[in-house]
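Colleague: Sharing a model prediction with you, sequence too.
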Amino acid sequence: MRITLIAHGPTAGTQAGVFGDDTALLDHTPLGLRHVRDVWTAPEPACLQTAALLNPDGQPGATEVLDELRAPAMGEWTGLALEDVLARNPQVLQEWLKDPSVRAPGGESLAEHLARIGATFDAHAWPDAAAMVVATPFTVRAACVHALGGDARTLGHLDIAPGTRVRISRHAGIWRLSAVIPPRFCSTPGARSDA
């Protein structure tokens, strides 16, 4: 089984470093996506929009929203930029950045998010053929760490930018990370990129 994960494209929230970003894709988002028949997606608006780009003509197929693929709940930090959180709650932010078991106030820890994403990937009935999953960069990063068998501290050693594609596979119950493709290498052939 092979799964290609796509981190949704850039949003105003990802550009501003907003926790719990729930904003739409920026209009000028060239992700170089091709039509895919079946897509699983997280529920965030940018994920739904990215999934729609995979089937722009509304061809028969299915887009299934899996709520379990959502980004970590950020609680009181939802909608706040990093500098706002730093001004309001510097001590807890520093702890959260250092320790993946620390929760944002009223939210979910990165360790809890990793466990949820790992359980989702392990338990979901993915097709034997290739599958396509659209999720937030947080969730794609957690899926990579799960595929590598890493623990929550590993999350701090991997960056996943909006538009990144990742390929993971599972054989005999063992996940493997096959590729991490940065967004600048995902653009449509012949298209110009600002990067």
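Modeller: Structure's in. What do you need? Numbers count the residues shown, from 1 in each chain.

Colleague: who does the biggest helix by length in the chain touch, helix- and strand-wise?
Modeller: The longest helix of the chain (DSSP state H) is helix 110-123. Packing contacts for helix 110-123, counted by 3 or more CB pairs under 8 Å, 6 or more residues apart in numbering; DSSP states H and E, involve helix 137-148. Backbone N, C-alpha and C define where each C-beta goes, glycine included.

Colleague: Give me the angle between the helix it packs on and helix 110-123.
Modeller: 60 degrees (axes from the mean of the first three to the mean of the last three CA atoms, to 10 degrees).

Colleague: looking at it, Trp126 is touching Met1, isn't it?
Modeller: Yes - counting by CB atoms under 8 Å, Trp126 does reach Met1; the two are 5.5 Å apart.

Colleague: Need the overlap of contacts for these two.
Modeller: Counting by CB atoms under 8 Å, 6 or more residues apart in numbering, the common neighbours of Trp126 and Met1 are Arg170.

Colleague: who has more neighbours, these two?
Modeller: More crowded of Trp126 and Met1, by other CB atoms under 10 Å: Trp126, with 16 against 13.

Colleague: May I ask you to confirm that the more buried one belongs to a helix?
Modeller: No - Trp126 is assigned coil when assessed by DSSP: H, G, I helix; E, B strand; the rest coil, not a helix.

Colleague: for it, what are its contacts?
Modeller: Met1, Ile3, Arg170.
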